[in-house]
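[1] quick one: sequence plus predicted model below, questions after.
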Amino acid sequence: MTSPVLAAAASEGSEGWWSGVAYPIIPHPGEIIIGLIAFSILYVVMAKFVVPRFEQTFEERREAIEGGMEKAERAQAEAERTLAEYKQQLAEAREEAGRIREEARAQGAQILEEMRQRAESEAQRVTESAQRQIASERQQAMLSLRGEVGGLATELASRIVGESLADEARQSRVVDRFLEDLERGERESMPLGGTGGGSHPVGDPDAGGGVLGFLKRGRS
Amino acid sequence: MSPLALVASGSFEPPSAYDFWHPLVGDGPFALTRPMILIAFSVLVLAVFFLVTSNRRAMVPGKLQFAAEGVYGFVRNGVALDILGRREFRPYVPMLFTMFTLILVNNVFGIIPFIQYPTFSRIAFPIALTLIVFVVYHAIGIRRRGLGGYFKSLMPAGVPIILAPLVYLLELATYFITRPLTLALRLFANMFAGHMMLLVFALGGEYLLLHTDSVVLQAASIGSFLMFILMTFFELLVQALQAYVFVLLAAFYIAGSLEDAH
């Protein structure tokens, strides 16, 4: 296209300044018009189709992202809520278990205590009744002994002495004195019944057999 | 362009403004020229590309859709939204987007093989776009304030009364002469000079290699071609930058007219 400058300048008078060497800043009128038309066409395409579509795409994408984020947040919240629930339930269950264990322990201790008390009271009762029985038996034995021993001793004495001791009062006095001497000599700690042993019925058949042995042991 | 001329003359003929005059049909003021075809071609390419990529509307974009959305998002958010503000940027997005893509593609034509012609190195095209920006920002101002109110609003506040006439004249010159002139000239001059530089290195290298007898000079042509390649990449940077600067300034001028108080 580059033809010599002189040739270009000389060739055609129809050439304007826009084409000349010296004036590159003189616009070519046809090019201005084409430039405006080109811009207008592209503008219409962009404004009518391209820009709205892009805007719609951006909007949809923004919504999708926001929706997704919202969904994720919801799921997260749900998960946290469930976790908290589980934790609470777990804590409750633990507490419940502890409580039950504590209760059972307390109950066991109580049962044990009750049993022990019952056993103790039972034992005490048994002991007491045994003691009572022993005491009463001993008392009984003592009384019957006293009468029998008195009778025997009196008879023995009257035989030996030859003296009749028919008189009740005197007889009783003698017996008592004898017994007191006996007690003082051997078994002072053993309390015995009061006076007037002779007035009680004598001759318990059970006690009768052991009286002599008892006396013998006491003597020796 | 044609080495035949150089051979004929025998001495190196540097590239000139004449290399930008490519009439195809006719030769007058309304001749069909090569840049006309190129800008029409760019409109076709841009329209098809963006119609196709914007029509997919996939939630997860593919590579092409991603690139198209990236360019759109750059102009929409990086220029329109930032400068015009959230409230009023929407109506001006199509215009700024159209200008940006149109300038970018036509600039890049300068380094695309077989095209190798930056359309905007013909000053008529920057003037056409500047004309639109000029009309738009004045129209916005006049529509907002009325004709009288608009001319009153050009006066900056707080100027001493003595200086007021001078300042007002300067402001008028800024709004009606400096702004459109610089907007058009910046784009034109960058493209013109850049392309001229590429021509110098290409034609110079060719001349050194093919039309000199000295081996030293022929070897020097390697440097010239290397510079040509280097400058090509540099041109790509300038081409993209100028497209951005043009829409950035257009948005600034529009924002000035949108402002409530001056």
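    Structure received. Residues are numbered from 1 along each chain as shown, chains lettered A, B, ... in the order given.
[2] so which elements touch whichever strand or helix holds A:Ala38?
    Following DSSP states H and E, one finds A:Ala38 within helix A:29-45. Packing partners of helix A:29-45 (3 or more Cβ pairs under 8 Å, 6 or more residues apart in numbering or on different chains; DSSP states H and E): strand B:32-33, helix B:34-56, helix B:93-108, helix B:124-153. C-beta here means a position set from N, CA and C on the backbone, and glycine is covered the same way.
[3] can I get those in JSON lines with mean pLDDT?
    As requested, the helices and strands packed on helix A:29-45 are exported to JSON lines (pLDDT from 0 to 100):
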{"stretch": "strand B:32-33", "mean pLDDT": "88"}
{"stretch": "helix B:34-56", "mean pLDDT": "93"}
{"stretch": "helix B:93-108", "mean pLDDT": "96"}
{"stretch": "helix B:124-153", "mean pLDDT": "92"}
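[4] picking that back up, ok and the helix holding A:Ala38 relative to helix B:34-56, angle-wise?
    Going by axes from the mean of the first three to the mean of the last three Cα atoms, to 10 degrees, helix A:29-45 is angled at 0 degrees with respect to helix B:34-56.
[5] highest average neighbour count across the helices and strands packed on helix A:29-45?
    helix B:93-108 (a mean of 25; mean count of other Cβ atoms under 10 Å in any protein chain shown).
[6] dump it to PDB, restricted to CA.
    The C-alpha coordinates for helix B:93-108 follow below in PDB (Å, rounded to 0.1, in the frame of the first residue of the first chain):
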ATOM      1  CA  VAL B  93     -22.900  -0.700  32.200                       C
ATOM      2  CA  PRO B  94     -23.900  -1.700  28.700                       C
ATOM      3  CA  MET B  95     -22.300   1.500  27.200                       C
ATOM      4  CA  LEU B  96     -19.100   1.000  29.200                       C
ATOM      5  CA  PHE B  97     -19.000  -2.700  28.500                       C
ATOM      6  CA  THR B  98     -19.500  -2.100  24.700                       C
ATOM      7  CA  MET B  99     -16.800   0.500  24.600                       C
ATOM      8  CA  PHE B 100     -14.300  -1.600  26.500                       C
ATOM      9  CA  THR B 101     -14.800  -4.700  24.500                       C
ATOM     10  CA  LEU B 102     -14.900  -2.900  21.200                       C
ATOM     11  CA  ILE B 103     -11.700  -0.900  21.900                       C
ATOM     12  CA  LEU B 104      -9.900  -3.900  23.400                       C
ATOM     13  CA  VAL B 105     -10.600  -6.200  20.400                       C
ATOM     14  CA  ASN B 106      -9.800  -3.500  17.800                       C
ATOM     15  CA  ASN B 107      -6.600  -2.600  19.600                       C
ATOM     16  CA  VAL B 108      -5.500  -6.200  19.800                       C
END
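[7] starting at the chain centroid, how far to that helix?
    Centroid separation between helix B:93-108 and its chain, computed with Cα atoms, centre = their mean, to the nearest Å, is 9 Å.
[8] what segments of the stretch 101-250 of chain B are helices?
    B:124-153, B:164-173, B:179-210, B:215-258 (DSSP state H, counting those that start in this stretch).
[9] so which of these comes closest to chain A?
    With Cβ to the nearest Cβ, the closest approach to chain A among the helices of the stretch 101-250 of chain B belongs to helix B:124-153: 3.1 Å.
[10] other SSEs contacting that closest one?
    With contacts defined as 3+ Cβ pairs under 8 Å, 6+ apart, the packing partners of helix B:124-153 are helix A:29-45, helix B:93-108, helix B:179-210, helix B:215-258.
[11] one more time with 6 Å, if that's ok
    Applying 3 or more Cβ pairs under 6 Å, 6 or more residues apart in numbering or on different chains; DSSP states H and E, one finds that helix B:124-153 contacts helix A:29-45, helix B:179-210, helix B:215-258.
[12] nearest to B:Thr33, out of the ones you listed?
    helix A:29-45 (6.3 Å; Cβ to Cβ).
[13] now that closest one: buried residues?
    Under the neighbour-count criterion of 16 or more other Cβ atoms under 10 Å in any protein chain shown, helix A:29-45 has A:Gly30, A:Glu31, A:Ile32, A:Ile34, A:Gly35, A:Leu36, A:Ala38, A:Phe39, A:Ile41, A:Leu42, A:Tyr43, A:Val45 buried.
[14] and what of stretch B:12-23?
    Judged by neighbour count using 16+ other Cβ under 10 Å, the buried positions of stretch B:12-23 are B:Glu13, B:Pro15, B:Ser16, B:Ala17, B:Tyr18, B:Asp19, B:Phe20, B:Trp21, B:His22, B:Pro23.
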